[in-house]
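Participant: what would the 3D arrangement of this be:
(one chain, ligands or ions: 2)
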Amino acid sequence: MTRKIDIFDTTLRDGEQSPGASMNTEEKLVIARQLLRLGVDVIEAGFPISSPGDFESVRRISELAGDNAVVCGLTRAIDKDIEVAADALKYAKRPRIHTGIGVSESHMRDKLRITEEQCIERAVHAVGYAKTFVDDVQFYAEDAGRSDFAFLAKVIEAVIAAGATVVNIPDTTGYSLPWDFGERIKYLVDNVKGIEDVTISVHCHNDLGMATALSLAGVRNGATQIECTINGLGERAGNTAMEEVVMGIRMHGEELDARTDINTREFVKASRLVSSITGMNVQANKAIVGANAFAHSSGIHQDGVLKKRDTYEIIDPAEVGVSASQIVLTARSGHAALKHRLEELGYAYEGEELDRIYEAFLNLADRKKEVYDEDLESLVNERDREETALFSLEGVQVSCGFPLKPTATVTLRDAEGAPTTVCEWGTGPVDAVYKAIDKVVQVRCDLSEFSVQSVTRGIDALGEVTVRVKAASGEVFTGRGADGDIIVSSAKAYLNALNRLLTSSR
Ligand code: KIV
Ligand code: ZN
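Facilitator: Ligands and ions are numbered 1, 2, ... in the order given. Alright, predicted model coming up:
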């Protein structure tokens, strides 16, 4: 029997640790629903003690997941963390506490200032304490990738004896080479008493661009759980990308003696959703989900693929959810065609909701000849953003050019529906629009990033703007907006970031 590899998603915890990728509870729930559609085995929903928002997300995702996935909350090896995590997980049908401590010399000596004995003592205590709340306790040996083999084995043996059900061996700093990391897992398999009764998990970071390779090396040597994120989101250079590691296993399952239960056809949608919510764009040449992942441009390649797809394509794009639809939506398409296409993309809309999307679709189709799947996803995401907004954009008009002074007139509606119109000038049209928005919203922050990219191809493509603003507290908020007019996208994106900032400080 092929080994089943559990997929432990940490997009909502480690992924959220990417600067500017913070998400509110509603956004996390949207992603959690998609993770359930993907069929992940475990959702790490947050770090409950870190903020009321994280606590709430773990609580709500616990209710959402039911029997369909284990829900996990992160803690340090600190009693209070564990108590708060247990409280956040109390409605989970399958709760797991994920506790741990640094085990490398660097972490023990320079960060924690503890001896090896104290490290083991704290690890064992944390696992034992977590066990008083839940049966399923996962222990992480932070910075295991740089730890001493024998000491790591000693810690792992002690936490297994204390009741850990899963032992997580992270390469926290993304330092290892795949064969060394594989050897480390094998060493534990060969030397730790009781390891055959627990799940070995690998959690790899991408600092040297090898997170996927490290995870696969772990699986090859005995790990049966992989911790990963959608799009490889995560602290610094990110974590193992779920879409990469799962497709790696799918492609090489026989030699790895491994399989997963992931519904890979949901990958592209998951990727776009996470990118849209976090504002972290996916590079075009990103494996599996990048815009160019299945694009063949050289004549020789095109010729080969036309003769037989697998001459240059190792994965059928449909397997990861790249649409092969032949239906082109235009302004002449009716409700039924739009509903059908949205359903194929995984969105179910009925009645008034469908009418609203249809109206937005017609607006877009009037300006663009053909509406692609990416445009539809952008419309759906735009609608989600508008639904949770405190301030909404009612209108924006700019006059600019040489030698005019760029001027913007902006109308916003507040949460009560009251409109305010203001006029401002700036160094350029976007600056003028942002000054006008600032005048109404009145929140202190700095714009730290602004970028525009087209959603699809062609001069009539939707322009998607991503902005990051830094609040007075130092926290960074991302905003996105899409429209055929990039001044409107810019206004929507800025307002989206300000709305998120205001919601988080409520
Ligand atoms: O990278 C890491 O070590 C972690 C742990 C908290 C699991 O994220
Ligand atoms: Zn990590």
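Participant: neighbours around L447, how many?
Facilitator: Using other Cβ atoms under 10 Å, L447 is surrounded by 16 other residues. Quick note: C-beta positions are derived from backbone N, CA and C, even for glycine.
Participant: same check on the one 4 residues further on?
Facilitator: Neighbour count of S451, defined by other Cβ under 10 Å: 12.
Participant: show the contacting residues for it.
Facilitator: Neighbour list for S451: 281, 465-467 [criterion: Cβ atoms under 8 Å, 6 or more residues apart in numbering].
Participant: quick one, strands of the stretch 201-350 of the chain?
Facilitator: Secondary structure of the stretch 201-350 of the chain (DSSP state E, counting those that start in this stretch): strands at 225-228, 258-259.
Participant: out of those, nearest to ligand 1?
Facilitator: strand 225-228 (7.2 Å; Cβ to the nearest ligand atom).
Participant: with mean pLDDT as extra columns, can I get the strands of the stretch 201-350 of the chain in TSV?
Facilitator: Output for those, formatted as TSV (pLDDT from 0 to 100):
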stretch	mean pLDDT
strand 225-228	98
strand 258-259	98
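Participant: before we move on, the earlier item: nearest to R184 among the contacts of S451?
Facilitator: N281 (33.8 Å; Cβ to Cβ).
Participant: that closest one touches Q453, doesn't it?
Facilitator: Yes. The pair N281 / Q453 is scored as a contact, 6.6 Å apart, by Cβ atoms under 8 Å.
Participant: overlap of the contact sets of those two?
Facilitator: Shared contacts of N281 and Q453, defined by Cβ under 8 Å, 6+ apart, are found at T466.
Participant: ends of stretch 44-54, what's the gap?
Facilitator: 11 Å (Cα to Cα, to the nearest Å).
Participant: that stretch close to ligand 1?
Facilitator: No. Against ligand 1, stretch 44-54 shows no contacts by Cβ under 6 Å from any ligand atom, the least distance being 8.4 Å.
Participant: contact partners of that stretch?
Facilitator: 8-10, 12-14, 16, 24-25, 28, 32, 55, 57-58, 61-62, 71-75, 80-81, 84-85, 87-89, 98, 227, 504.
Participant: give me the buried positions along that stretch.
Facilitator: For stretch 44-54, the neighbour count (16 or more other Cβ atoms under 10 Å) marks 44-50, 53-54 as buried.
Participant: which parts of this structure sit against ligand 1?
Facilitator: 14, 140, 142, 168, 170, 172, 203, 205.
Participant: confidence score at the fifth one?
Facilitator: According to the model's per-residue confidence, P170 sits at a pLDDT of 98.
Participant: who are the packing partners of whatever helix or strand it lives in?
Facilitator: In the assignment (DSSP states H and E), P170 maps to strand 166-171. Applying 3 or more Cβ pairs under 8 Å, 6 or more residues apart in numbering; DSSP states H and E, we find strand 166-171 packed against strand 95-102, strand 137-142, helix 149-161, helix 178-191, strand 199-204, helix 211-220, strand 225-228.
Participant: can you tell me which of the contacts of stretch 44-54 are buried?
Facilitator: So, by 16+ other Cβ under 10 Å, the buried ones in those are 8-10, 12-14, 16, 24-25, 28, 32, 55, 57-58, 61-62, 71-75, 81, 84-85, 88-89, 98, 227, 504.
Participant: ok so, going back, if you look at the contacts of S451, which of them are in strands?
Facilitator: Judged by DSSP state E, strands contain the following of the contacts of S451: 465-467.
Participant: most neighbours among the residues you listed, please name it.
Facilitator: The most crowded member of the ones in strands among the contacts of S451, judged by other Cβ under 10 Å, is V467 (28 neighbours).
Participant: surely that residue meets G479?
Facilitator: Yes. Using Cβ under 8 Å, V467 makes contact with G479 at a distance of 5.0 Å.
Participant: overlap in contacts, the two.
Facilitator: What both V467 and G479 touch, as defined by Cβ under 8 Å, 6+ apart, is the set 279, 493-494, 497.
Participant: looking at the helices and strands packed on strand 166-171, which one is packed in the most?
Facilitator: strand 225-228 (a mean of 28; mean count of other Cβ atoms under 10 Å).
Participant: that strand - contacts with which helices or strands?
Facilitator: Of the remaining helices and strands, those touching strand 225-228 by 3+ Cβ pairs under 8 Å, 6+ apart are strand 6-9, strand 166-171, strand 199-204, helix 211-220, helix 242-256.
Participant: adjacent strands (with direction) for the first one?
Facilitator: What that stands for is strand 6-9. If you go by DSSP bridges, strand 6-9 pairs up with strand 42-46 (parallel), strand 225-228 (parallel).
Participant: can you check the third one too?
Facilitator: The pairing partners recorded for strand 199-204 under DSSP bridges are strand 166-171 (parallel), strand 225-228 (parallel).
Participant: quick one: least confident helix or strand in this structure?
Facilitator: Using mean pLDDT, DSSP states H and E, the weakest-scoring helix or strand in the chain turns out to be helix 373-387, at a mean of 78.
Participant: thanks a lot, catch you later.
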